[in-house]
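K.L.:
With the sequence up front, the predicted model follows.
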Amino acid sequence: MHAPSVSTGYAASAPRVEAPTTGGAPDGAGRRLPAIEADDLSKRYGDVTAVERASFRVERGEVFALLGPNGAGKTTTINMLCTLARPTAGTARIDGFDVRRQPRHVRRHIGMVFQEPTLDDQLTAEENLRFHAVLYHVPRHDVDRRIGAVLELVDLSPRRRDLVSTFSGGMARRLEIARGMLHTPAVLFLDEPTIGLDPQTRALMWEDILRLRREQSVTILLTTHYMDEAEYADRIAIIDHGVIVALDTPDALKARVGADTVTLVSPEAATARRRLEGAGFAVRADQDTVVVFTEDGESKVARLLEVAAVPVSNVHVHRPTLDDVFLHFTGRQIREAPGDRATSMRLRAMARRR
Ligand SMILES: Nc1ncnc2c1ncn2[C@@H]1O[C@H](COP(=O)(O)OP(=O)(O)OP(=O)(O)O)[C@@H](O)[C@H]1O
Ligand SMILES: [Mg+2]
């Protein structure tokens, strides 16, 4: 197995691993260009429309998540942005460079972590990075320092000389992220960086990802089908059957689904309902429960109890979750990914091998 051949060049002037290779070329009017712009990006494979007219912008320094179930078109979208798949229609620009017309420029500015593991587990962490440094034309005099810096970024410095076959799945994935950062890309693509990892390891991966953004000012586009972790992203595009069905911040998406609900359990539910409606609240009630629909439910609880003025045995506040958001926009729950188990086993097997 060998490192991906996505890169064809390296910005020799990039001074430090602490800075991205570009601060973003200005457009004709002197404005800084967005890190990623996709316009009606589409990909067909025969009869299958993998991605249909995806349009979005990702600003510099954003963490942007493509959230969707298996087969939704996440990898295909990333592949088109990385110049690994040619769009059937539409186009995209990375740092102002067109993926169709300027693929070499695009490749120079991006780092990539593939959905499938691509480390050589018979080599050490350092050897994997060295191999990548050659492919990416990192200047020889800078290689040692960069390797040290990226290993530090993902907390793997003590394992520098260990064979990747002795790494856990999470460590191997973090090493792939380090490798993606070796040539100080302006935009880092992470295709399912946490797939198959346990929740604790996934949380650690997210610490790494958010630290990269904070300390390296790198723009990150990642894919996931885990609802809980999409919350960490600045913005989320929900993609289903190749179509982006919603795109916004996690909070705004939840707000679009509806208000919070506050449920009061009371033997005098009918009285509570009358009083709450009288005070202008939107209310639904049955025998012993009153459900109030309101913005910012938690802060309203005391007021609701005061207005209802009945004995209450239980109060429950529910904020819409991303599960509710997905259900709202797609009409169903996100499907559990059958690939999860396979990938998890593969990562573990990789770690077990000599
Ligand atoms: N090279 C290809 N040839 C034919 N069909 C393809 C190819 N690559 C992807 N597809 C199809 O395009 C659709 C989208 O696939 P894609 O891999 O982009 O989904 P995904 O969202 O990344 O899914 P997963 O969560 O399983 O990784 C699927 O129907 C898939 O079968
Ligand atoms: Mg995929």
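P.N.:
Looks like it arrived, so ask away. Ligands and ions are numbered 1, 2, ... in the order given.
K.L.:
and stretch 111-121, which residues are buried?
P.N.:
Buried residues in stretch 111-121, counted by 16 or more other Cβ atoms under 10 Å: 111-115, 117-119, 121. (C-beta placed from N, C-alpha, C; glycine too.)
K.L.:
can you pull out the strands in this structure?
P.N.:
Ranges of strands within the chain are 36-45, 48-58, 63-67, 89-94, 97-98, 110-113, 187-191, 219-224, 235-240, 243-248, 260-265, 282-285, 289-294, 314-318, based on DSSP state E.
K.L.:
Turn those into JSON lines, columns for distance to Thr76 and mean pLDDT.
P.N.:
JSON lines is the format used below for the strands of the chain (distance: least, Cβ to Cβ, whole Å; pLDDT from 0 to 100):
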{"stretch": "strand 36-45", "distance to Thr76": "5", "mean pLDDT": "97"}
{"stretch": "strand 48-58", "distance to Thr76": "4", "mean pLDDT": "97"}
{"stretch": "strand 63-67", "distance to Thr76": "10", "mean pLDDT": "96"}
{"stretch": "strand 89-94", "distance to Thr76": "12", "mean pLDDT": "96"}
{"stretch": "strand 97-98", "distance to Thr76": "18", "mean pLDDT": "96"}
{"stretch": "strand 110-113", "distance to Thr76": "14", "mean pLDDT": "94"}
{"stretch": "strand 187-191", "distance to Thr76": "10", "mean pLDDT": "95"}
{"stretch": "strand 219-224", "distance to Thr76": "10", "mean pLDDT": "95"}
{"stretch": "strand 235-240", "distance to Thr76": "10", "mean pLDDT": "95"}
{"stretch": "strand 243-248", "distance to Thr76": "12", "mean pLDDT": "96"}
{"stretch": "strand 260-265", "distance to Thr76": "36", "mean pLDDT": "93"}
{"stretch": "strand 282-285", "distance to Thr76": "42", "mean pLDDT": "90"}
{"stretch": "strand 289-294", "distance to Thr76": "39", "mean pLDDT": "92"}
{"stretch": "strand 314-318", "distance to Thr76": "35", "mean pLDDT": "94"}
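K.L.:
How about the residues of the stretch 251-354 of the chain by ligand 2?
P.N.:
Not one residue of the stretch 251-354 of the chain sits near ligand 2, judged by Cβ under 5 Å from the ion.
K.L.:
so where's the stretch 251-354 of the chain shaky on pLDDT?
P.N.:
Low-confidence regions of the stretch 251-354 of the chain, defined by pLDDT under 70, span residues 335-354.
K.L.:
Mind listing residues that contact the longest helix anywhere in the chain?
P.N.:
Using DSSP state H, we find that the single longest helix of the chain is helix 199-216. Residues from elsewhere that reach helix 199-216 (Cβ atoms under 8 Å, 6 or more residues apart in numbering): 17-20, 61, 63, 153-155, 168-170, 173-174, 177, 181, 184, 188, 190, 193-194, 197, 218-220, 222, 226, 229, 232.
K.L.:
Would you mind giving the buried residues of stretch 111-121 as JSON lines with distance to ligand 2 added?
P.N.:
What follows is the buried residues of stretch 111-121, written out as JSON lines (distance: Cβ to the ion, whole Å):
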{"residue": "Gly111", "distance to ligand 2": "17"}
{"residue": "Met112", "distance to ligand 2": "13"}
{"residue": "Val113", "distance to ligand 2": "12"}
{"residue": "Phe114", "distance to ligand 2": "9"}
{"residue": "Gln115", "distance to ligand 2": "5"}
{"residue": "Pro117", "distance to ligand 2": "13"}
{"residue": "Thr118", "distance to ligand 2": "14"}
{"residue": "Leu119", "distance to ligand 2": "18"}
{"residue": "Asp121", "distance to ligand 2": "22"}
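K.L.:
ok, those residues vs ligand 1, which is closest?
P.N.:
Of all these, ligand 1 sits closest to Gln115, with 5.6 Å by Cβ to the nearest ligand atom.
K.L.:
residues touching the closest one, list them.
P.N.:
75, 191-192, 195, 223, 343.
K.L.:
please redo it, this time with the cut-off set to 10 Å
P.N.:
74-75, 78-79, 190-193, 195, 223, 339, 343 (Cβ atoms under 10 Å, 6 or more residues apart in numbering).
K.L.:
ok, now how distant is the closest residue to ligand 2 within the chain from ligand 1?
P.N.:
For the chain and ligand 2, the shortest gap (Cβ to the ion) falls at Thr75, measuring 3.1 Å. Per Cβ to the nearest ligand atom, to the nearest Å, Thr75 is found 3 Å from ligand 1.
K.L.:
List the contacts of that residue.
P.N.:
Counted by Cβ under 10 Å, 6+ apart, Thr75 has contacts 50-51, 66, 84-85, 114-116, 191-192, 223.
K.L.:
biggest separation within those residues, which pair?
P.N.:
The two members of the contacts of Thr75 with the most space between them (Cβ to Cβ) are Val51 and Glu116, at 19.3 Å.
K.L.:
Near ligand 1, which residues of the stretch 1-150 of the chain are found?
P.N.:
45, 48, 50, 68, 70-76, 115 (Cβ under 6 Å from any ligand atom).
K.L.:
residues from the stretch 51-200 of the chain in reach of ligand 2?
P.N.:
74-75, 115.
K.L.:
Would you mind measuring from the residue lying closest to Leu197 once chain neighbours are set aside to Ala50?
P.N.:
Distance criterion Cβ to Cβ, 6 or more residues apart in numbering; nearest residue to Leu197, sequence neighbours excluded, is Gly170 at 5.2 Å. As judged by Cβ to Cβ, to the nearest Å, Gly170 and Ala50 stand 29 Å apart.
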